[in-house]
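In: structure for the following, please:
(2 chains)
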Amino acid sequence: MYALFVRHIVVVSPLLIRFSGEIMKIRLFPWPALPGMAGGEIPDAPGRVPPVGIGAARWRVSLFFLLLLMTIAAKSAEHRWVLSLPWVPQAQFAGIYWAKEKGLFNRQGLQVELRHRTAETPIFDALKSPESDLVIAPLVTALKARDAGLEVVNLAQISQESSLLLVARSNSGLTDLRNFRLPDRRARVGIWSVNFDVLPRIFLSRNKLDVEVFPVNDGVGLFLWGALDAVTAMEYNEFYQLLAAGLRPEELIRYRLRDYGLNVPEDGLYALEETFRRYPEDCEALRNALISGWQEALRQPAEALELVREECERHHCRYDPAQQKWMLYAFGQNLKTDDQKVCGRLSRHNYDVAVQLLKKYGEIQNAAPFETFFPLSPAPEEGELNR
Amino acid sequence: MKAFRDWNFNAKQTFAVTLLLLLIFGSLFLWMRRESHRLLDDQINRTALAQVEVTAEKINSGLLVVETAAREFAATLEALPREEPLQRRLLEESFRRLHARVPALCGISIAYTPEIFLPDRKYYMLYVQPGADGAVEVTQIGGPDHRYDRFDWFLIPKLLNRPIWTEPYFDTFAECTMTTRAQPLYSEGRFIGITGFDLSLRGIEKSVAAADAYGYGEEFLLSRFGRFIVFPDHLRTTDTSTDAGEWVSRAFNTTIFSLADFLDDTRFGFEDGSVRMQQIGREMLEGRSGFVTIPGLGGKGNSPERLYYAPVSAPHWSVGVAYSEQELAAPLHQLEHQLGLLALAGMLLMYGAVTIANRHLCRPLQQLEAAARSIGGGNFHTQLPPVGGEDEIGRLNRSFSTMQRELGEYMEKLRETTAVRQKIESELEVARQIQQGILPKMLPPLPDTREFSLFAALHPARAVGGDLYDFFPLDEQRYCFIIGDVSGKGVPAALFMAITQTLQRSEAERFCGTGELVGRINDLLVRNNDSMMFVTYFLGVLDLRNGTVEYTNAGHNPPYVLRSNGALELLTSRHGPALGIMEHFRYGSGTITLTPEDTLVLYTDGITEAMDADQHMFGVEALQRVLAGRGLNTSPTILGDEILAAVDRFSGGVEQADDITLLILRRKLS
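Out: A predicted model of the protein is given here:
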């Protein structure tokens, strides 16, 4: 035990000190909200050294001990959780960063590690290998994975509405679903090849759109060049990329899939049923911390964006403040349930609709009962977690 | 503070000149400021824009070289047998050749549509890039873990059927950010793959740096869709770490429009506010060139910046350089500053010069003024200031000098004349006193005897007169009285009068009748009368005992006799011409008797010919009226005073030309 403690200090202390410095930066120099942002406050301005106040040293020391104690407490937990995120660091995961960086996981006695993935491989592959305990994934993908034999459960349904769009140019002639054709040929529609292809395909099929489906990793570039006539996009992400390429909103026509009976929500927190059975309390605590993180992130978007920026920096990703702000706003819109709560509840209705849809279009054969698929009761209301 | 008009000449002029200078220099300064502002600004704009345009053109020509190379490479490749060793060699050679010309070239790829190259080999992609020690490395990189056929650079030219310059991206294999000239390959008209010529953004960055004409600009390069191929300095990351290239490649690349959103943020005000920067971004991407003032790229505070931009036509890119307006204006401000200082110094210098010149110019004036004051004080020999020259002050000085001299001379003459006059006047005064002395004195009224009373008065018109009167006793019973008027006036008349007066007294001692006496006096006067003067003369001798008066009138005004009964008689008889004219003339005589209270009034023509202001004469009638209006018992003194007063009243103070003489004799009641 003693040896473990010493080793811990030797290994972890420098990290903690560095980390406490990061926190200092946040506390002393909160990155202001975008609209009134002064040029000098650009977060990734090169050579910017955060000035440190007089009390900083004392802060660091006390923080160090606080974190040290927390770390030691966390050490006692038996399991180290790995959460895989389905895309590069961005504001889509702001609440999760909040839960991690603000110590909400730690406060629940959990040690959580975040991993980012890309879309090339199916996200649930992460649960198959011992790489991850938890993943963030769309409901459709989860239902398909479960149908394929991977017994996953939904611990929290983060987004409550589908953000999926089919986007075309207003001047293309693709403004009417009943006549979704170009004058001379079939429209070429870019659809993601992995994870997010199911609902768009159902959308095309349901509306009997006679189009050329073109699988893409990322259709934005192709669409901009005119190589695609329409493309699937997330409202919080790709849609903004189109705007950021100089297109005006009025130059684009948006088909929101949720407006066409395809409101199957996306991001949810998933674990193997087996993991949940083994650590039910931890899973609930984890869910609570994560939802609490989202609640806080939405309440303090500027600080949440700062966490996103730091996460981007850690992964050497370019951080575009406007894009991330858009994303946090647009994604945040989707988190509230009908009663305006952010509680991570999966609505039975949404579940049933999704299951029926997928069954109807032959995407799945079977589905677990709702209670099995969503075993936890909803998270406490905002603020209750901290009491 | 004194009123302006009370300022001295020097101060006034200095003030006026300074004011004028201020006006001139001020407007000159403003004008120069505006002009230089315009010129310099124009120059700044022209230079900056030219630099951007030249840079854009250079980049463009570089890209055209790559385009041509890619086209030729594709043609060669399409003609070659599809064998890997051949393609490897071609890749190596082409890369070496082009890399020498285009240093930004970081790799060339050949990528075939899966299963096209060889049916057994699903993915086929050869990539050449610089290896260690200047060598060139060709690698086969296609595979299930490198699905190149899903990348934009592969798909877009394939779908568009034309070569493109890709948007900037991070290549996970080459581990650098790049843009690719992606040239589609065809075989018998069928798309078979892509050859890509990769240019590293770091290499392009170097070319873009040349766009900054002044060294403090932030240059950047925009892609066809507004992405930053080269970031402005403050957004450029120094992070060259590639350990997470996967994330970098997937991360959203900032565009001019997202930067605009970031800077302006109206999009998040939940209205589609069209932001200026976005308009500019669109203009840049439409292939225009120009310059515009923008709120700023966010790099240098929030101060406005001026953005110069020019298109790179081949790939539809745009080069931009943003300078802080403040820094652009710096040389302008410096110039302004210098101009201002110069103007100020010029003004001060002019002020000093004017003050000194004024003082210098005014000194003779001041000296003249002092001299004039001294001259005015009577000091005519005051030294005038030594001023020469033909200017106004010189002329004024000369005039002053002339005036001083003439004034001096005049004063000298005046003094002399005054002296002479004073002398004459004093002599005349003496003569007058002498003449007055000659006349018998009234006081005490000498002839105021029991029988007669007498009044006599002589008012000479000048200092000395030519009238005379006299009365003196011949013996105890007889009394002689005379009145006369010498022709002419002044000193000669006075002298003649004096002679007459002297003669009559001396000749009267041998009296034997008035005619005879007058004749004798006449003879004496004629004898030495070269100047042909004469004297009208009335001589009477009163016998006190009976009041008879024997008289001789030699050309004199006829006297009046006022009878006691009020009658007025005129003694009109004349006994000869005036004295001094005719020698040996025998004058006769007449006699009248004065009864008691009769009055005899003798006068000279000074009374009757007394003038008023309108040159009217008093006249005989006026005299007669005075005499007729008298009281019967009027004494000679009162009558005399009345007559003189009447004459005075008539003349109204006008100076008389002739002497006025009156002699009144009255017989008293015995």
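
In: surely A:G219 touches A:Q241?
Out: No. Between A:G219 and A:Q241 there is no contact, the gap being 10.0 Å when judged by Cβ atoms under 8 Å. Yep, even glycine has a C-beta here, placed from its N, CA and C like the rest.

In: between those two, which contacts overlap?
Out: In terms of Cβ atoms under 8 Å, 6 or more residues apart in numbering or on different chains, A:G219 and A:Q241 are both contacted by the residues A:A233.

In: for A:L376, give me phi and psi.
Out: Dihedral angles phi and psi of A:L376 (degrees, to the nearest 10) take the values phi -90, psi 150.

In: report the separation between it and chain B.
Out: A:L376 sits 31 Å away from chain B, going by Cβ to the nearest Cβ, to the nearest Å.

In: per the record, what domains does the chain have?
Out: Let's take chain A. Structurally, chain A divides into domains by automatic domain parsing as follows: A:1-31+A:55-76, A:80-161+A:265-386, A:164-260.

In: switch to chain B, please.
Out: Domain assignment for chain B, taken from automatic domain parsing, gives B:1-233+B:254-328, B:347-427, B:439-667.

In: save those as JSON lines, and put in mean pLDDT and mean neighbour count too.
Out: Putting these into JSON lines (pLDDT from 0 to 100; neighbours: other Cβ atoms under 10 Å in any protein chain shown) gives the following:
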{"stretch": "domain B:1-233+B:254-328", "mean pLDDT": "86", "mean neighbour count": "18"}
{"stretch": "domain B:347-427", "mean pLDDT": "83", "mean neighbour count": "13"}
{"stretch": "domain B:439-667", "mean pLDDT": "86", "mean neighbour count": "19"}
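
In: in the helix or strand containing A:N288, which residues are buried?
Out: Element membership for A:N288, per DSSP states H and E: helix A:280-299. Residues of helix A:280-299 classed as buried by neighbour count (16 or more other Cβ atoms under 10 Å in any protein chain shown): A:282-298.

In: what's the next secondary structure element after that helix?
Out: Per DSSP H and E, the first helix or strand lying C-terminal to helix A:280-299 is helix A:301-314.

In: give me the buried positions along that next one.
Out: Buried residues in helix A:301-314, counted by 16+ other Cβ under 10 Å: A:301, A:303-313.

In: and the helix or strand that contains B:Q501, how far out from the chain middle?
Out: Using DSSP H and E, B:Q501 sits in helix B:490-508. Remark: helix B:490-508 is offset 78 Å from the chain centroid, using Cα atoms, centre = their mean, to the nearest Å.

In: I'd like to know which elements it is packed against.
Out: Helix B:490-508 sits against helix B:392-438, strand B:467-473, strand B:478-486, helix B:514-527, strand B:535-543, with contacts defined as 3 or more Cβ pairs under 8 Å, 6 or more residues apart in numbering or on different chains; DSSP states H and E.

In: can you give the contact residues for that helix?
Out: Applying Cβ under 8 Å, 6+ apart, the contact partners of helix B:490-508 are B:428, B:431, B:434-435, B:438-439, B:462-468, B:470, B:472, B:474, B:480, B:482, B:484, B:486-488, B:517, B:520-521, B:524-525, B:531, B:533, B:535, B:537, B:539, B:579-580.
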